[in-house]
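Asks: Quick one, structure for this:
(one chain, ligands or ions: 1)
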Amino acid sequence: MLNTQHYPQMISPSLMGEWIVIASEQEFVQRQQIKTCLDGQTLTLHRDTINGVHVYQVNFESLDMKELNLSVQAAYGFVWLCIGSEKKPLFQLQEYDVEGARRVPCGAYGVRTSPLRGIENFLDMAHFPYVHTGILGAEPETTVKPYKVEWREDVDEIWATECFFTQPLAAPSSPQPQETEYVYRVASPLNAILYKVNTAAEGIIPADVVCLFIQPLSETHIRAHLLMILDDQTSSMTDMVLFQQKIFTQDKPILENHVPLKLPLEKLEIPTKADALATAYRKWLITKNWCYGVHKNTQEEQVV
Ligand SMILES: [Fe+2]
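Replies: Predicted coordinates for the structure are as follows:
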């Protein structure tokens, strides 16, 4: 077990015990080693192949590696790091292993925002008509209909179900506008998954899946890793990636212009009914005493 008192300047206590994405396995095409960052700490990630299996090793440049209890695993096309004892195992993503499902890694986006803002924006349907106009929403269909939110205690996840939204172009292969059913799943504070129930065309998987995995470079700078698992047998890989890239590049400037950049967990922003999921997410973070990427009313925001 890591004794944080010895390392007041190192990884935030909120990040300890979490499975955190640090790279996509795609980054290892034609190279064995990459350099990246977690909470301001530079790390080297090295890949060996032993008996056909990829094995990853992490080395932090400025931390005492002998004192760190690190676990690394590859899953869902990404490399995950846990510092200290895991709070719970890495979440399950069953659709990833279904034969015939299209696995579409969509790259990583550097965004100047809080990791929590990144997740919260992903959970928000109300911005579809205004930010993703003509794709995920369009005026005058701007109302977020009531939906259900629950904390699933056995897996410690937040789920929102029965979310319906009328969308002009719900998926790359959508032939016409449709009412799309969403299920949102917050699998851990920095990992969220969205299921689009009725865009899965072929019935190979029950829903198309869009995943957002946040790599916290700092409290106000993230790499947002995107993965889709689609039941789409016709679109080209390029078209599927471009669809998601287009959506995310619409989100990026919105995220970078939030004031404050960090997420207030208390009463600074007044929630509406449409924000029931975001409100549950914030309350959940409060129960965890989560402090990373959180705006405190009294502080001047430091942008790193
Ligand atoms: Fe968005």
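
Asks: Endpoints of stretch 195-203, how far apart?
Replies: Counting by C-alpha to C-alpha, to the nearest Å, you get 14 Å between the two ends of stretch 195-203.

Asks: Only the buried residues of stretch 241-248, if you could.
Replies: For stretch 241-248, burial by neighbour count (16 or more other C-beta atoms under 10 Å) applies to 241, 243-244, 247-248. Just so you know, the C-beta spots here come from the backbone N, C-alpha and C atoms, and that holds for glycine as well.

Asks: now swap in stretch 222-237 and tell me
Replies: 222-232, 235.

Asks: what about that stretch, average pLDDT?
Replies: Throughout stretch 222-237, pLDDT has a mean value of 94.

Asks: what's the weakest-modelled helix or strand in this structure?
Replies: helix 128-131 (a mean of 89; mean pLDDT, DSSP states H and E).

Asks: I'd like the next helix or strand past that one.
Replies: The C-terminal neighbour of helix 128-131 among helices and strands, as given by DSSP states H and E, is strand 148-152.

Asks: which helices and strands does that following strand pack with?
Replies: Here strand 148-152 touches strand 157-167, helix 276-287, going by 3 or more C-beta pairs under 8 Å, 6 or more residues apart in numbering; DSSP states H and E.

Asks: just how off-centre is it within its chain?
Replies: Distance of strand 148-152 from its chain centroid, counting by C-alpha atoms, centre = their mean, to the nearest Å, is 18 Å.

Asks: Buried residues, it. List them.
Replies: If you call a residue buried by 16+ other C-beta under 10 Å, then strand 148-152 has these buried ones: Val149.

Asks: partners of it in the sheet?
Replies: Using DSSP bridges, the strands paired with strand 148-152 are strand 157-167 (antiparallel).

Asks: Tell me how far the next helix or strand after the strand it pairs with lies from the chain's centre.
Replies: Sequence order places strand 178-188 as the next helix or strand after strand 157-167, per DSSP H and E. Here strand 178-188 is found 13 Å from its chain centre; the criterion is C-alpha atoms, centre = their mean.
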